[in-house]
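Participant: Sequence first, then the predicted structure:
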Amino acid sequence: MRARLLSILALIAPLFISPVWAAETAYRFGVVPQFEPRKLAGIWVPIIKELEKRTRLEFKMVGSSKIPDFEVSFLAGEFDFAYMNPYHAMLAAEKQGYVPLVRDGGRELFGILVLPKDSPIQDVKELAGKIVAFPAPNALGASLLIRADLETIHGVKVKPLYVQTHSSVYLNVILNKTAAGGGVQSTLNSQKKEIQDRLRVFYKTRAMAPHPLTAHPRVPRGHREAVKQALLEMAANEEGRALLEKIPMLEAVAANPKDYRVLKDWGLEHFYEGH
């Protein structure tokens with residue numbers, strides 16, 4: 001009788017387990033909020049849909065209104081997959097074991113300081129004590145790298161004004177609300193021509209490998225590899241490349257934790273807030 005009962009339970013158990021398993025296959029996909037939400041969704045939703053088609057996995061894009069909110073989420077391990085900056089990737093690996101999958105191999109990441117085109121400033125030391133716009137304290141290229149360079153290389157301290165997005169930084173500079181602003185070349189290039197024409201790049205920081213797409217270690221290895229392979233295959237055809245270039249990811253290549261080891265030598269932890 002006992003053996004018969006066990007065999008019946010074995011038959012019906014999947015009926016109760018399957019719905020739970022199915023729900024868990026909708027992976028939470030986080031993206032660092034470099035742009036305002038509508039623009040970010042316009043870039044990533046088509047990419048995620050293409051990934052679903054190619055991998056037969058299900059993803060749910062999870063928005064973060066501000067970079068600090070995004071940081072809280074990945075440090076808590078809330079995302080299954082997440083596109084994040086290199087310093088975030090280093091922290092995410094240390095705190096949660098996130099694994100980098102794919103990054104852009106066609107460029108390097110560096111921060112830029114922009115000024116109004118007609119600004120008389122010619123030397124970084126002239127920024128000492130002035131208000132400078134940044135998207136957030138821990139935005140890597142647009143804030144951390146710049147503040148670290150200014151203080152450790154040039155001995156310059158500025159008054160930071162955090163304005164949430166890269167686009168807001170450029171607008172603050174154009175409107176002369178700040179003496180300068182921190183950004184990265186890709187977000188400056190994505191601005192309307194009339195905005196770009198009113199700015200000039202004044203300073204570039206040290207460079208590193210750019211943002212990777214990472215995966216939490218709870219995601220099965222086979223699913224991680226499927227996503228990685230799908231992105232590399234997308235980069236190999238014209239239609240997929242066009243989607244990835246909007247990130248921007250100009251030349252998708254496999255990412256490795258060693259790509260970001262140089263960050264440990266730059267003392268960025270002294271400028272990272274909340275670390």
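Facilitator: Here it is on my side, so go on.
Participant: what about residue 253, which SS state?
Facilitator: Taking DSSP: H, G, I helix; E, B strand; the rest coil as the rule, one finds residue 253 in the strand state.
Participant: That one and residue 96, how far apart?
Facilitator: 23 Å (CB to CB, to the nearest Å). C-betas here are computed from N, CA, C, even on glycine.
Participant: for residue 205, same thing?
Facilitator: Relative to residue 96, and taking CB to CB, residue 205 is found at 27 Å.
Participant: Who has more neighbours out of these two?
Facilitator: residue 205 (24 against 19; other CB atoms under 10 Å).
Participant: and the more buried one, what does it touch?
Facilitator: 110-112, 141, 145-146, 148-149 (CB atoms under 8 Å, 6 or more residues apart in numbering).
Participant: for these, which one is nearest residue 262?
Facilitator: residue 145 (11.6 Å; CB to CB).
Participant: you'd agree the closest one is up against residue 110?
Facilitator: Yes - judged on CB atoms under 8 Å, residue 145 makes contact with residue 110 at a distance of 7.0 Å.
Participant: got the CA coordinates for the host helix or strand of residue 89 in CSV?
Facilitator: Following DSSP states H and E, one finds residue 89 within helix 86-96. The C-alpha trace of helix 86-96 is given here as CSV (Å, rounded to 0.1, in the frame of the first residue of the first chain):
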residue,chain,number,x,y,z
PRO,A,86,32.8,47.7,-14.7
TYR,A,87,33.2,48.8,-11.1
HIS,A,88,29.6,47.7,-10.4
ALA,A,89,30.6,44.3,-12.0
MET,A,90,33.6,44.0,-9.6
LEU,A,91,31.4,44.8,-6.6
ALA,A,92,28.6,42.5,-7.8
ALA,A,93,31.2,39.6,-8.2
GLU,A,94,32.5,40.2,-4.7
LYS,A,95,29.1,40.5,-3.0
GLN,A,96,26.9,38.1,-5.0
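Participant: Mind checking what helix or strand follows the helix or strand containing residue 224 in sequence?
Facilitator: Secondary-structure assignment from DSSP H and E places residue 224 in helix 221-234. As assigned by DSSP H and E, the chain's next helix or strand after helix 221-234 is helix 238-245.
Participant: got the buried residues for that following helix?
Facilitator: 240, 243-245 (16 or more other CB atoms under 10 Å).
Participant: closest to residue 41 among these?
Facilitator: residue 243 (13.4 Å).
Participant: Need the per-residue pLDDT for the closest one.
Facilitator: Per-residue confidence (pLDDT) for residue 243: 97.
Participant: Check the one 3 residues further on too.
Facilitator: Note on residue 246: pLDDT of 93.
Participant: what number of residues lie near it?
Facilitator: 14.
Participant: That one: what's it in contact with?
Facilitator: Contacts of residue 246 (CB under 8 Å, 6+ apart): residue 43.
Participant: Verify the contact between residue 165 and residue 32 for me.
Facilitator: No - counting by CB under 8 Å, residue 165 stays clear of residue 32, with 11.0 Å between them.
Participant: Can you pull out the residues in contact with the helix or strand that the helix holding residue 89 is followed by?
Facilitator: Using DSSP H and E, the helix or strand that follows helix 86-96 in sequence is strand 99-104. Strand 99-104 has contacts (CB under 8 Å, 6+ apart) with 89, 93, 209-217, 224, 227-228, 231-232, 247-257, 259-260.
Participant: can you map out the strands along this structure?
Facilitator: 26-31, 58-62, 81-83, 99-104, 111-116, 131-134, 159-162, 180-184, 199-204, 212-215, 252-254 (DSSP state E).
Participant: what about stretch 94-101, how long is it end to end?
Facilitator: 16 Å (CA to CA, to the nearest Å).
Participant: And for stretch 193-205?
Facilitator: End to end - CA to CA - stretch 193-205 spans 24 Å.
Participant: Could you do stretch 102-115 as well?
Facilitator: Start-to-end, stretch 102-115 (CA to CA) is 33 Å.
Participant: before we move on, what about stretch 173-193?
Facilitator: 15 Å.
Participant: List the buried residues in that stretch.
Facilitator: Buried-residue list, stretch 173-193, by 16+ other CB under 10 Å: 173-174, 178-188, 190-191.
Participant: Closest to residue 74 out of those?
Facilitator: For the buried residues of stretch 173-193, the nearest to residue 74 is residue 184 (19.4 Å; CB to CB).
Participant: Please tell me how far that closest one sits from residue 32.
Facilitator: In terms of CB to CB, residue 184 sits 12 Å off from residue 32.
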